[in-house]
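Predicted model follows, preceded by the sequence.
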Amino acid sequence: MKVIMQPIEMVARFNEEGIPRPVKFKARFEDIPVVIVIDKILLKSEEKLAGNPMLIFRCQSIIDGVLKVYELKYELHTCKWFLYKM
């Protein structure tokens with residue numbers, strides 16, 4: 001997987017404890033906006049990057065007829081989503 005770290009627009013659901021679950025997102029590939037629906041969350045983990053806690057979601061979706069695995073990051077303090085690896 002290649003590191004991208006691109007900010008994205010996300011639609012997510014939150015449980016009672018405030019933990020997000022990503023549903024779909026919009027990213028730009030070669031200046032073309034693309035909406036990707038998350039088919040399955042394979043792994044959820046936590047990490048700290050420069051003291052900033054983040055949630056990492058490894059997900060899979062069918063994009064252009066091909067099953068792709070990618071990683072999303074959610075910054076807890078700023079509430080921002082990133083397409084981290086694809």
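All right, it came through fine.

OK, contacts around the residue nearest to the spatial centre of the chain?
Closest residue to the average C-alpha location of the chain: residue 72 at 2.5 Å, with Cα atoms, centre = their mean. Contacts for residue 72 (Cβ atoms under 8 Å, 6 or more residues apart in numbering) come out as 8, 10, 22, 25, 56, 57, 59, 81, 82, 83, 84. For every residue, glycine as well, the C-beta is placed using N, CA and C.

Apart from its chain neighbours, what residue comes closest to residue 47?
What sits nearest to residue 47 in space, not counting adjacent residues and going by Cβ to Cβ, 6 or more residues apart in numbering, is residue 54, at 5.5 Å.

helix, strand or coil for that neighbour?
What DSSP: H, G, I helix; E, B strand; the rest coil gives for residue 54 is strand.

I'd like the contacts of residue 72 as CSV, with secondary structure, neighbour count and pLDDT appended.
Formatted as CSV, the contacts of residue 72 follow (DSSP: H, G, I helix; E, B strand; the rest coil; neighbours: other Cβ atoms under 10 Å; pLDDT from 0 to 100):
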residue, secondary structure, neighbour count, pLDDT
8, coil, 18, 97
10, strand, 20, 97
22, strand, 20, 97
25, strand, 21, 97
56, strand, 17, 97
57, strand, 21, 98
59, strand, 19, 98
81, strand, 23, 97
82, strand, 20, 97
83, strand, 20, 97
84, strand, 20, 95
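
Same list, the residues you listed, but as TSV with distance to residue 34 please.
Formatted as TSV, the contacts of residue 72 follow (distance: Cβ to Cβ, whole Å):
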residue	distance to residue 34
8	10
10	14
22	15
25	9
56	21
57	18
59	15
81	15
82	15
83	10
84	16
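
Mind picking the one among those residues that's closest to residue 39?
Distances from residue 39 to the contacts of residue 72, taken as Cβ to Cβ, are shortest for residue 59 (7.6 Å).

That's all I had, so thanks and see you.
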